[in-house]
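turn this into a model:
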Amino acid sequence: MKKHLYPVTAAVILIAFTIYIALDTFVISESYNSNATEMNTAMFYSVSDNSNTAQTSQEETGYDLTDGTLIGSITNDDYSINLYEYYENDTKIYAADITLSSTQYLKTAFANDSYGKNITETTSSIAESNNAVFAINGDYYGVQESGYVIRNGVVYRDTANGSDVLCIYADGTMEIVNDSEYSASELVKSGVWQAFCFGPALLQNGTVSVDVDSEVSKAKSSNPRTAIGVIDENHFVFVVSDGRTDESEGLSLYELAQFMQKLGVKTAYNLDGGGSSTMYFDGTVINNPTSGRSIKEREVSDIIYIG
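Model (predicted):
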């Protein structure tokens, strides 16, 4: 009897340890900062005044988004938001053309106002808690152990993992760098206001950076997608596509990059997609997020918002 006891005990311990690791990785919440609302606005003091940026017209930028159907619009002294709907590649796509008077209005927020592991809320709930006018899901940093997390000019995680990082600077420009080139603190010192680690890069200098076979690890070729791009200083395009339904197939990374290129985007970056892909505008979820087989929002770690 005893000779069987040790193998059985070892097997039970191994199973218990495996279950714990799985729960710790994907389920158990752990808050590292339970009041993560700090904003390092000092970097904006040296940025030149672009107070007329929000009034920039399409004629001045030399591109046209009006192939889509305008479904919403808000304009004030701080920002201009025009929301368009498209149907391409058997997929519903939503693109927000956003021009800011200052990048300070492009903000980020964490689920439950907490930076940590496996802390999640729906995009709309986080948006409502932060009085956001417009929001999309972020990079779901909370299921990763590494990769830079810089939000509102504050470094929350400085562990590099060799990934490409999307950097949004206080002057309203965007750049994609590798985290082997700079530390997180160096990026903030250089004026990085927001940084995300998901990827890949979709467009750089107006050229498509992915090919027809590019894909996020383990993802299907056609998916709901979320991406952010820039046309000019403080002139951004946010894109969310539906997918995995009879009405909307979803986009490949290559199709997403081509779509954004057509809109005049110069630099673009892929964010968390699939069931996470959500666009919120003026109190309403605009798209049809898919979670499993249901049309409903998936809870995420973070959002990017205007407000």
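
tell me who's in contact with the residue nearest the centre of the chain.
What sits nearest the mean C-alpha location of the chain, by CA atoms, centre = their mean, is Gly138, with 2.9 Å. Contact analysis of Gly138 by CB atoms under 8 Å, 6 or more residues apart in numbering lists 108, 196, 271-272, 300-304. To be clear about C-beta, it is placed using only N, CA and C from the backbone, and glycine gets the same treatment.

which ones among those residues lie within strands?
108, 196, 300, 302-304 (DSSP state E).

need the helices for the stretch 101-250 of the chain, in chain order.
123-129, 184-189 (DSSP state H, counting those that start in this stretch).

now do the first one: which elements does it pack against?
For helix 123-129, the elements it packs on are strand 106-110, strand 134-137, strand 279-281, strand 302-306, judged by 3 or more CB pairs under 8 Å, 6 or more residues apart in numbering; DSSP states H and E.

ok, now the shortest one?
Packing partners of helix 184-189 (3+ CB pairs under 8 Å, 6+ apart): strand 149-151, strand 154-157.

and those as a markdown table, adding mean neighbour count?
Shown next, in a markdown table, are these (neighbours: other CB atoms under 10 Å):
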| stretch | mean neighbour count |
| --- | --- |
| strand 149-151 | 26 |
| strand 154-157 | 18 |
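
can you select the buried ones from the contacts of Gly138 in ChimeraX?
A single ChimeraX command selects the buried members of the contacts of Gly138 (16 or more other CB atoms under 10 Å):
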select :108,196,271,272,300,301,302,303,304
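
Tyr32: which of the contacts of Gly138 is nearest?
Ser301 (12.1 Å; CB to CB).

so where do the strands sit in the stretch 51-200 of the chain?
69-75, 79-88, 91-100, 106-110, 115-117, 121-122, 134-137, 149-151, 154-157, 164-169, 174-178, 192-196 (DSSP state E, counting those that start in this stretch).

quick one: closest of those strands to Ser276.
That would be strand 134-137 among the strands of the stretch 51-200 of the chain, by CB to CB, at 4.7 Å.

which stretches of this protein have low pLDDT?
1-27, 46-64, 66, 213-221 (pLDDT under 70).

what do you get if the cut-off is 80, keeping everything else the same?
1-29, 33-35, 46-66, 212-222, 291-293 (pLDDT under 80).

tell me which stretches of the stretch 201-307 of the chain form strands.
Using DSSP E, counting those that start in this stretch, strands in the stretch 201-307 of the chain cover 201-204, 207-208, 225-232, 235-241, 267-270, 279-281, 284-285, 290-291, 294-295, 299-300, 302-306.

okay, the ones you listed in JSON lines with distance to Val165 next?
Listed next are the strands of the stretch 201-307 of the chain as JSON lines, based on distance: least, CB to CB, whole Å:
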{"stretch": "strand 201-204", "distance to Val165": "10"}
{"stretch": "strand 207-208", "distance to Val165": "19"}
{"stretch": "strand 225-232", "distance to Val165": "13"}
{"stretch": "strand 235-241", "distance to Val165": "17"}
{"stretch": "strand 267-270", "distance to Val165": "9"}
{"stretch": "strand 279-281", "distance to Val165": "23"}
{"stretch": "strand 284-285", "distance to Val165": "28"}
{"stretch": "strand 290-291", "distance to Val165": "28"}
{"stretch": "strand 294-295", "distance to Val165": "32"}
{"stretch": "strand 299-300", "distance to Val165": "19"}
{"stretch": "strand 302-306", "distance to Val165": "15"}
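
ok, the residue nearest to the centre of the chain to Ala109 distance?
9 Å (CB to CB, to the nearest Å).

overlap in contacts of these two?
302-303.

OK, contacts around the closest residue to Phe198 other than its chain neighbours?
Leaving aside its sequence neighbours, Phe198 sits nearest to Asp139 (CB to CB, 6 or more residues apart in numbering; 4.0 Å). Contacts of Asp139 were listed using CB under 8 Å, 6+ apart, and they are 196-198, 271-272, 301-302.
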